[in-house]
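Student: Have a look at this prediction, sequence included:
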Amino acid sequence: GDSVTQMEGPVTLSEEAFLTINCTYTATGYPSLFWYVQYPGEGLQLLLKATKADDKGSNKGFEATYRKETTSFHLEKGSVQVSDSAVYFCALRRGTNAGKSTFGDGTTLTVKP
Amino acid sequence: DGGITQSPKYLFRKEGQNVTLSCEQNLNHDAMYWYRQDPGQGLRLIYYSQIVNDFQKGDIAEGYSVSREKKESFPLTVTSAQKNPTAFYLCASNPSWSSQGNTEAFFGQGTRLTVV
């Protein structure tokens, strides 16, 4: 079945540091890939997405590129801020399989001033 | 504004009691989902529904029940058979399940259930 593997956390960085959170996936067909962010006590919000190979999703300084050859969708940001502290989830979804999303276990990011 | 509303935000239950969590959406989405999230862990699928009057078990359905009488509503009941119900519960929805795999899931703000 489908699966998503995320880099284990927690990750602690200083403000303005470079961020990479690794994500690899296993799925049949051609899934769409997503990064969601969860702030404490809240639901998940879409951060960015890519729907086909070589697409780059970007939002709020975050980027991720859909690499089919390595089945990866790594999240990057050049300069993190304290406000980026949250839990980040990588996910995939296919139009079949009842449209269910498959999520990674989440990576907790803490950014210190 | 369109969105998903979960209520209540915090819920306390005595052992042996059933409790129902509400989830309402005005996005006109066909598919709705319930997830459970435990501290420091990912999301586990409890139940999902693709259309009104139909729903399917997810990975951890034991001790839970749902109904889908209206497109907008997908309540989750945590029964006394659920041995460890204390968790954060998230409701989500998608447009048509069959053809729009490129659309994201929309989430509610969650309900934190605590057994006392």
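Tutor: Good, I have the coordinates. Values in this document were obtained by computation on a predicted structure and should not be read as measured data.

Student: what stretches of chain B score poorly on pLDDT?
Tutor: Within chain B, the ranges that satisfy pLDDT under 70 run B:1, B:96-101.

Student: just the residues of it that are near chain A, which are they?
Tutor: Within chain B, the positions near chain A by CB under 8 Å from any CB of the partner chain are B:4, B:6, B:31, B:33, B:40-43, B:45, B:48, B:50, B:56, B:58, B:90, B:92, B:94, B:96-105, B:107-110, B:112. Quick note: C-beta positions are derived from backbone N, CA and C, even for glycine.

Student: Neighbours of residue 8, how many?
Tutor: The chain I'm using is chain A. Taking other CB atoms under 10 Å in any protein chain shown as the criterion, the count of residues near A:Glu8 is 11.

Student: Chain B, not that one
Tutor: Other residues within reach of B:Pro8, judged by other CB under 10 Å, total 11.

Student: in chain A, what secondary structure element scores lowest on mean pLDDT?
Tutor: Considering only helices and strands, the least confidently modelled element of chain A by mean pLDDT, DSSP states H and E is strand A:101-103, at a mean of 90.

Student: low pLDDT regions in chain A?
Tutor: Under the criterion of pLDDT under 70, the regions of chain A flagged as low confidence span A:95-99.

Student: Tell me the residues of it that contact chain B?
Tutor: By CB under 8 Å from any CB, the part of chain A that sits against chain B consists of A:31-32, A:34, A:36, A:41-46, A:49, A:51, A:89, A:91, A:93-96, A:98-101, A:103-106, A:108.

Student: what are the ranges of the strands in chain B?
Tutor: Along chain B, counting by DSSP state E, strands occupy B:4-7, B:10-13, B:19-25, B:31-37, B:43-51, B:54-57, B:64-66, B:76-78, B:87-94, B:106-107, B:111-115.

Student: Tell me which of those strands is the most buried.
Tutor: Among the strands of chain B, the stretch with the highest mean neighbour count (mean count of other CB atoms under 10 Å in any protein chain shown) is strand B:31-37, at a mean of 25.

Student: What lies in contact with that one?
Tutor: A:98-101, B:23, B:25, B:43-50, B:58, B:60, B:64, B:66, B:68, B:74, B:76, B:87-97, B:105, B:110 (CB atoms under 8 Å, 6 or more residues apart in numbering or on different chains).

Student: now do stretch A:1-12
Tutor: Residues lying outside stretch A:1-12 but in contact with it, judged by CB under 8 Å, 6+ apart, are A:19-28, A:31, A:88-92, A:94, A:97, A:102-112.

Student: what about the helices in chain A?
Tutor: In chain A, no segments count as helices under DSSP state H.

Student: Can you show me the strands along it?
Tutor: According to DSSP E, the strands that chain A contains are A:3-6, A:11-14, A:19-21, A:23-26, A:32-38, A:44-50, A:56-59, A:62-65, A:75-77, A:86-93, A:101-103, A:107-112.
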